[in-house]
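Chemist: sequence and predicted structure are below.
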2 protein chains.
Amino acid sequence: MISTVASRRHVIADDLRAQISTGRIKAGDRLPSEAQLAARYTVSTPTLRSALALLQAEGLVEKVHGKGNFVRHPLRRITYVGGGHTPTNAALRVSIRTTKLRARGRLATLLRVPAGTPLTEFLCLSHDGTSPHNLARVYVPRGLAPTDVPDEPSGPDGVAAVLTKLRPPLAEVQERVCARLPTPVEAATLRISSTLAVLEVTRVATDTTGRIVEAALLILPGDRADAVFTAHPTTEERTAEG
Amino acid sequence: MISTVASRRHVIADDLRAQISTGRIKAGDRLPSEAQLAARYTVSTPTLRSALALLQAEGLVEKVHGKGNFVRHPLRRITYVGGGHTPTNAALRVSIRTTKLRARGRLATLLRVPAGTPLTEFLCLSHDGTSPHNLARVYVPRGLAPTDVPDEPSGPDGVAAVLTKLRPPLAEVQERVCARLPTPVEAATLRISSTLAVLEVTRVATDTTGRIVEAALLILPGDRADAVFTAHPTTEERTAEG
DNA sequence: GAGTGGTCTAGACCACGAG
DNA sequence: TCGTGGTCTAGACCACTCA
């Protein structure tokens, strides 16, 4: 066996987890201070903190510097639907920042354009209620639809319209998914613990001429997001693989 | 700004990371002992250890109790191809354990069968060289193809044959992907740090009659795995969404 | 300023691996 | 037995929040 006598932090984490899931500590509640908890469990503060770290990594507890440890609200699950469907989730509040830049390194490779190609970046942060729920960076070559992409799209609808215009000729959407820990910036933006895994979706859309018209990098918090992909092998494989 | 003066552990982690990526410390090498490193960086052991924890979470360093910290070999990337393709990767060594069990809770829901339905579980552990590279649990209702599923399939080929027999009538494959930290068992099985995120793929295959013929739970180590899904919206959406 | 978490120290003791 | 990592302690000092 790996575990000898179950380390103290796990015992404490299990106890707190049970109290949270049974409702003895409710969502939004502040936990007792770390000093109080340490005293209650008769452990030192570092040990108590390492127990809380486990709960943080599960997304169950959020630490707020100077205020305390809080039980997170049970969050609505996020389902990312793959296959090039437009994510027209009207319930979300989306803030978008548009930036012009030029393709470099990884981005140039993704879009299969030479380095230096002018791009438009849409940096989208979706909010569900008060908490951020996903982070998306969408890159579109500026040469593609120059008149369709205004410098300052009028809010979410503006960008949605732009993206929809790119949609009809789409021929292939490839989505690459990986799991990793967030970068410090991502953790701060999504307000998640830096020990909570994220789901990263890299989406590349190709039009009928084989040209890449969009690359998107989506970051979804792992505690409440999953991505769904549906395939119909019998119909699809006839065309794709004979 | 969040970071005031970049905590010591990050400075140390950055330094070690640079030494590893520039080749000054080579793959497979043992790092100096934690006590030596702590002395070199003039920090206490807990601080030094927390720096190593960062590298562990990235999959860059592996700790072996009683022996030391080792730089992991750059690992071949694993690409899981979605869409119901048979993963016929002959380069992998696969060990399979077959178990008979009955559907309960989550499994019954997944397979849409009543609780108590007899199932066959294939627990597959793939190895690429010496290190484990993915963990799969495949569940097939026993009532489906009773004569096709022998009690003890003769190694990988036996199971591959079984799974292939289930393939022709497949109508839909749905794959749900999420990111999370591994369970202690998964971490031990895959020999990864419990702070290294994994990619979990839940695959459900339906035949032409709408019955679920297979549910699979795949666990892929996040440091080297990603899943790829390809869709052809213009052809697919005509049939799926009109 | 009082209370909170964030980071770090200097050391103790235990468990594992190899000789 | 010895060197390694694994866990824990009892405090120190700093940074943030709020009154």
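Modeler: That came in fine, so what should we check first? Source: prediction; values computed, not measured.
Chemist: chain A: strands as residue ranges?
Modeler: In chain A, the strands defined using DSSP state E lie at A:61-64, A:68-71, A:78-81, A:93-102, A:118-128, A:131-141, A:170-180, A:198-207, A:212-221, A:225-231.
Chemist: of all the ones you listed, which one is nearest DNA strand D?
Modeler: Counting by C-beta to the nearest atom of the strand, DNA strand D lies closest to strand A:61-64 out of the strands of chain A; the figure is 6.7 Å. For glycine as for every other residue, the C-beta is placed from the backbone atoms N, C-alpha and C.
Chemist: quickly note the distance from residue A:129 to residue A:199.
Modeler: When distances are taken as C-beta to C-beta, to the nearest Å, residue A:129 and residue A:199 turn out to be 20 Å apart.
Chemist: low-confidence regions, chain A specifically.
Modeler: Applying pLDDT under 70 to the predicted model, the residue ranges of chain A that meet it are A:1-5, A:86-91, A:144-169, A:234-242.
Chemist: walk me through the domains of it.
Modeler: Domain assignment for chain A, taken from automatic domain parsing, gives A:8-71, A:78-240.
Chemist: any idea how far DNA strand D is from the spatially most distant residue from the centre of chain A?
Modeler: Of all residues in chain A, residue A:42 sits farthest from the chain's C-alpha centroid, using C-alpha atoms, centre = their mean; the distance is 37.4 Å. In this structure, residue A:42 lies at 6 Å from DNA strand D, with C-beta to the nearest atom of the strand, to the nearest Å as the measure.
Chemist: could I get the strands of chain A as TSV with mean neighbour count?
Modeler: As requested, those are exported to TSV (neighbours: other C-beta atoms under 10 Å in any protein chain shown):
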stretch	mean neighbour count
strand A:61-64	17
strand A:68-71	17
strand A:78-81	17
strand A:93-102	14
strand A:118-128	18
strand A:131-141	21
strand A:170-180	21
strand A:198-207	22
strand A:212-221	22
strand A:225-231	22
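Chemist: residues from chain A in reach of DNA strand D?
Modeler: Within chain A, the positions lying close to DNA strand D (C-beta under 7 Å from any atom of the strand) are A:7-9, A:42-47, A:50, A:64-67.
Chemist: of those, just the buried ones, PyMOL syntax please.
Modeler: A single PyMOL command suffices to select whichever of the residues of chain A next to DNA strand D are buried according to 16 or more other C-beta atoms under 10 Å in any protein chain shown:
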select buried, chain A and resi 8+9+43+50
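Chemist: ok, which pair from the residues of chain A next to DNA strand D is furthest apart?
Modeler: Using C-beta to C-beta, those reach their maximum pairwise distance at A:7 and A:66, which is 28.4 Å.
Chemist: ramachandran angles for residue A:84?
Modeler: Phi and psi for residue A:84, reported as degrees, to the nearest 10, are phi 80, psi 10.
Chemist: quick check: bridge partners of the nearest residue to it once chain neighbours are set aside?
Modeler: Using C-beta to C-beta, 6 or more residues apart in numbering or on different chains and skipping the chain neighbours, the partner closest in space to residue A:84 is residue A:173 (3.6 Å). Listed by DSSP bridges, the beta-bridge partners for residue A:173 are residue A:205, residue B:231.
Chemist: what's near enough to touch residue A:173?
Modeler: Contacts for residue A:173 (C-beta atoms under 8 Å, 6 or more residues apart in numbering or on different chains) come out as A:82, A:83, A:84, A:203, A:204, A:205, A:206, B:230, B:231, B:232, B:233.
Chemist: hmm, try it at 10 Å
Modeler: Contacts of residue A:173 were listed using C-beta atoms under 10 Å, 6 or more residues apart in numbering or on different chains, and they are A:82-85, A:203-206, A:214, A:216, B:229-233, B:236.
Chemist: which among the residues you listed gets closest to DNA strand C?
Modeler: residue A:216 (31.6 Å).
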